[in-house]
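Q: sharing a model prediction with you, sequence too.
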Amino acid sequence: MATNPHPRTILEHLARGPGRAARITHTEHVPSRVGRHADWPDQIRPEVVDAVREAGIGRPWAHQAEAAAHALAGTSTVVATGTASGKSLSYLVPVLSSLLDGSEAPNGRGATALYLAPTKALAADQRRAVAALAAPLGTAVRPAVYDGDTPMEEREWVRLHANYVLTNPDMLHRGMLPGHARWSSFLRALRYVVVDECHTYRGVFGSHVAQVLRRLRRLCARYGSEPVFLLASATSADPAEAAGRLTGRPVTAVTEDMSPRGELVFALWEPPLTELSGERGAPVRRTATAEAAELLTDLAVQGVRTVAFVRSRRGAELISLIAQDRLGDVDRSLPGRIAAYRGGYLPEERRALEQALHSGDLLGLAATTALELGVDVSGLDAVLLTGYPGTRASLWQQAGRAGRTGQGALAVLVARDDPLDTYLVHHPEAVFRHPVESTVLDPDNPYVLAPHLCAAAAELPLTEADTELFGPESPEVMGGLERRRLLRRRGSTWYWTRRERAAELTDIRGSGGPPVQVVEAATGRLLGTVDAAAAHSTVHEGAVHLHQGRTYVVQRLDLEDSVALVEESDPPWTTMARDTTSVSVLETDAEVPWGEARLHFGAVEVTHQVVSYLRRKLVTGEVLGETKLDLPPRTLRTRAVWWTVTEDQLDAARITPEILAGALHAAEHASIGLLPLFATCDRWDIGGVSVPLHPDTLLPTVFVYDGHPGGAGFAERAFRTARNWLTATRDAIASCECESGCPSCIQSPKCGNGNDPLHKAGAVRLLTRLLSASAEDPPAADG
């Protein structure tokens, strides 16, 4: 295959179009790195070393050998290195060696291992990889997938005979742990638990998985085993601490990546302003989707193999369709060399796609940002990131998909028209000079802990000794469950006494309440489900709903029966819900003075009502209209960070009563948009309220709260990093080139008040005054 041009040459070509060069706000050159080899630890079975060699890997990289040595020593370990650095081999080699040892044990089943992936697709692909690598070892290694798709007739064989079981946290929570008696021989012999892509376990989902792993450890102890945890993560801040919170065990981190890497040229790209005007006459930029499609077209014409990552399935398909259409004008053979990757592909289709990418038959792939695609898309020439993917960890994970061995690669971040993306393309140091984020999770959240204590009691009666495993909040939560008659206490033991399955009390990926079923009205076919908490804003009447590449419009949302009836349609717009929110303070856990201002963290009750939805043109984002909705309000008890200012501070900042509400509102919007830079959340995980005179504080107040019952840890991270977070917020507003506010700085796509009032200059003055007296960021809140 011909060698492709240097990434700098490719970028120069992209910049040649009219007005293109001005769209590149920064170019970063990440130098190449030479790899460093080591030897596998002596304890690794020679048969396993030979099998790895047969797979084409002569010697391991130094970080792989280091991780294997920790695993063999019985030390729980997290490998947090870059994309395509061989993390899977770091845990596979010691696991296979252990299974081989166990197969020769004179009695019993021998050693077993459990692999957890965030998705079924990843577990299925890993099973194929393990089976291929372990083929020379014969029947000593018996890998099998055990998930919701495993046929009933196969499940018994997996329980009795497989010694490397690949599953996901959902199946562990709902199937394996409640039915632990049938897994007793497997659990008794469990030597290793592999947790892949562990950086994805964050927020409420991560907190649930942390409790599932504690339940697993408790049952293993019951059967006499104490497995070693081996975790694989994208690069992240303090991976040992995050892995320790996830597993409840001390974890050693291996973070120095010793694999080779070609040069990476990384460009930040801001689409131009258009002639269109948005809400309240605000300027509108060209969408990142349209811009990425144009760049993908140009790269395909150059013969550059590219993947364009985009957040939504609809976005991936739009990029693919636009690129195919434009390529048809250049060369009729080219449109067939671009594809969209969406959910719902069969394993053989994924493998065909992977093969087409590697062979060069496919030049471009537009794919959703989910890293659990189950497709190996590393080794490409270029990566387009259609919008900031939410965390620096994800950004580098996606950028790392480009670059074949010994060759350079290009990555381009195409900014969306929102505050965070705009801030990043104009503050490259925030991307390239800051460490990746810490993974935020809070296993002690009582809303998360309570259902898992019930599930644990159903698996095996709880005792006072279990409070050490389940954390400091567990005694109080157990008392509450006893009062609610969910648990019954006899002496120092708590029992689950109800007929229903305790594991059904919670959906570990949801946030409480029965999920809403999405049903096709014409056929009665169940398309999928939506979390109860998200239903009002995502499947309201008139909402455009995407499922496996098909578009549906919601005809009716039945809240009593938790059903949304939809019909297939293809409208040229998307929908976005708008809501109104009020907040009351329940308890203040921590408070820090910033001069006369105060920064608070504590418990709040949020009352939230979806009131309308917008229709926006697909490619341009232009607002076509707003439709009112009649949905009931809902309440949420959660955690929040909030700040207050005094009248004297308002006077000093020249904030008059006429502009106060607009200045607070603008600061609130922008701060929500920037928080994902400091906490591993999406702006849709958090909410905010600003009030010129709040009844609880009796002062002008801005709240930012977690959008999950009991909190998710994001507001606490905001409290701890408040000075840096609000400084970035102020800078993002001040540096925006618009006159009075736009989607790139202070307008929010989900504002229930129609982005009115907003006062851009007032927000900058207000935040400047607030920050002038700010202290160092406070320590962790006690609450």
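A: Alright, I've got the coordinates.

Q: the residue most central in space within the chain and residue 391: what is the separation?
A: By C-alpha atoms, centre = their mean, the mean C-alpha position of the chain lies nearest to residue 200, the distance being 5.3 Å. Using C-beta to C-beta, to the nearest Å, residue 200 is found at 10 Å from residue 391. (C-beta placed from N, C-alpha, C; glycine too.)

Q: can I assume the residue nearest to the centre of the chain is in contact with residue 118?
A: Yes: in terms of C-beta atoms under 8 Å, residue 200 counts as a neighbour of residue 118; the distance is 4.8 Å.

Q: surely residue 636 forms part of a strand?
A: Yes: under DSSP: H, G, I helix; E, B strand; the rest coil, residue 636 sits within a strand.

Q: now for it, how many residues are close by?
A: 21 (other C-beta atoms under 10 Å).

Q: likewise for residue 526?
A: Residue 526 has 11 neighbouring residues, counting by other C-beta under 10 Å.

Q: who's in contact with it?
A: 517, 518, 519 (C-beta atoms under 8 Å, 6 or more residues apart in numbering).

Q: identify the bridge partners of it.
A: For residue 526, the beta-bridge partners are residue 519 (DSSP bridges).

Q: now do it, the pLDDT please.
A: pLDDT, residue 526: 89.

Q: show me the shaky parts of this protein.
A: The chain contains residues with pLDDT under 70 at 1-4, 106-109, 342-347, 369-379, 404-406, 510-513, 548-549, 775-783.

Q: quick check: residue 244 touching residue 238?
A: No: contact between residue 244 and residue 238 fails when scored by C-beta under 8 Å: they sit 9.3 Å apart.

Q: ok, residue 593 to residue 56 distance?
A: 62 Å.

Q: can I get the CA coordinates of the longest helix anywhere in the chain in CSV?
A: Ranked by residue count under DSSP state H, the longest helix found in the chain is helix 203-222. Extracted C-alpha coordinates of helix 203-222, given in CSV (Å, rounded to 0.1, in the frame of the first residue of the first chain):
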residue,chain,number,x,y,z
GLY,A,203,-21.2,9.3,37.7
VAL,A,204,-24.3,7.4,38.8
PHE,A,205,-23.6,4.4,36.6
GLY,A,206,-20.1,4.2,38.0
SER,A,207,-21.4,4.4,41.5
HIS,A,208,-23.8,1.5,40.8
VAL,A,209,-21.0,-0.6,39.3
ALA,A,210,-18.9,0.1,42.4
GLN,A,211,-21.6,-1.4,44.6
VAL,A,212,-22.1,-4.4,42.3
LEU,A,213,-18.3,-5.1,42.6
ARG,A,214,-18.6,-4.9,46.4
ARG,A,215,-21.5,-7.5,46.3
LEU,A,216,-19.3,-9.7,44.1
ARG,A,217,-16.4,-9.5,46.6
ARG,A,218,-18.7,-10.3,49.4
LEU,A,219,-20.0,-13.5,47.7
CYS,A,220,-16.4,-14.5,46.7
ALA,A,221,-15.4,-14.3,50.4
ARG,A,222,-18.4,-16.5,51.2
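
Q: tell me the buried residues in it?
A: Buried residues in helix 203-222, counting neighbours by 16 or more other C-beta atoms under 10 Å, are found at 203-220.

Q: next helix or strand past that helix?
A: Where DSSP states H and E defines the elements, the next helix or strand beyond helix 203-222 is strand 228-233.

Q: who does that following strand pair with, and is each partner parallel or antiparallel?
A: Strand 228-233 is paired, per DSSP bridges, with strand 77-80 (parallel), strand 190-195 (parallel).

Q: and of those strands, who's closest to residue 401?
A: strand 77-80 (17.4 Å; C-beta to C-beta).

Q: who's in contact with the closest one?
A: Here strand 77-80 makes contact (C-beta under 8 Å, 6+ apart) with 63, 67, 70-71, 87, 90-91, 198-199, 228-236, 239-240, 242-243, 251-255.
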